[in-house]
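J.: Based on what follows, work out the 3D shape:
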Amino acid sequence: MSTYYRLAIFSLFVIINFKDGRLKMHTLQTAINYAHQGKIEEWVHMFLLGEGNNIDFSIGLKLEKRCFYGPLEMPLSHFERCCGPENTMKFTVGEKSFNRNVNNIKERFESGWSMPPLIINYVDGKFELNDGNHRFEALVRSDVTNYYVIIWTTSESDMNEFIQRYIGEFDES
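T.: Residues are numbered from 1 along each chain as shown. Okay, the predicted model is just below:
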């Protein structure tokens, strides 16, 4: 992606996230508030363009219509990371920087930070953790067994399947 394009997206982030001279915080509570207003997709993109620092994922999500559900609390055992220092990961990153990020997140979380939900794709009956691999690992290292997620799908049939299989077992916030 060109530097110009990234700068344009960052400028849009600043316009969206600094309303009334204050920075909008992207926490679990703000995600829940946006969901109650029917604006969870808007929250996802604001988060990804801001603190989530995942511009490419936001752009990819906008390529076609998506369905979003959540945040809802689910067992972390349903998910696994796809990013980390292990050779088996889809996205491999350096061990030192991964552990440093995870430890910083763990410390913030254990100090009371309202950590944003994990963002997870549900497709063909399977989950893929798309955003929140460091947050996920920090939760695991903090012995947390359940946390809030936002589920997204590309097809309505996948969303309907997800709702049939999992909603009722877990309540939406």
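
J.: Distance check, Ser97 against Pro85.
T.: 9 Å (C-beta to C-beta, to the nearest Å). Glycine gets a C-beta too; all of them are placed from N, C-alpha and C.

J.: Arg141 and Val102 touch, don't they?
T.: Yes: taking contacts as C-beta atoms under 8 Å, Arg141 lies within contact range of Val102: 6.6 Å.

J.: When these two are compared, which one has more neighbours?
T.: Taking other C-beta atoms under 10 Å, Arg141 and Val102 do not tie; Val102 has more neighbours (20 against 15).

J.: In a strand, that one, correct?
T.: No: read with DSSP: H, G, I helix; E, B strand; the rest coil, Val102 is helix and lies in no strand.

J.: ok, now which ones touch it?
T.: Applying C-beta atoms under 8 Å, 6 or more residues apart in numbering, we find Val102 in contact with 134, 137-138, 141.

J.: Need the per-residue pLDDT for it.
T.: For Val102, the model assigns a pLDDT of 97.

J.: all helices of this protein, in order?
T.: Here the chain has its helices, by DSSP state H, at 3-17, 28-36, 40-49, 55-61, 95-110, 133-141, 156-166.

J.: In the last one, which residues are buried?
T.: To tie it back to what came earlier, the one meant is helix 156-166. 158-159, 161-163, 166 (16 or more other C-beta atoms under 10 Å).

J.: Closest to Leu76 out of those?
T.: Among these, Tyr166 lies closest to Leu76 (C-beta to C-beta), at 13.9 Å.

J.: Touching, the closest one and Glu73? I think so.
T.: No: here Tyr166 does not reach Glu73: they are 11.1 Å apart, not a contact under C-beta under 8 Å.

J.: that older thread, which one of the buried residues of helix 156-166 is nearest Glu110?
T.: Tyr166 (27.9 Å).

J.: For the closest one, which non-adjacent residue is closest in space?
T.: Met74 (7.2 Å; C-beta to C-beta, 6 or more residues apart in numbering).

J.: How many residues are close by that neighbour?
T.: 21.

J.: was I right about it contacting Val149?
T.: Yes: counting by C-beta under 8 Å, Met74 touches Val149, with 5.4 Å between them.

J.: How far off centre is stretch 109-129?
T.: A distance of 5 Å separates the centroid of the chain from that of stretch 109-129, by C-alpha atoms, centre = their mean, to the nearest Å.
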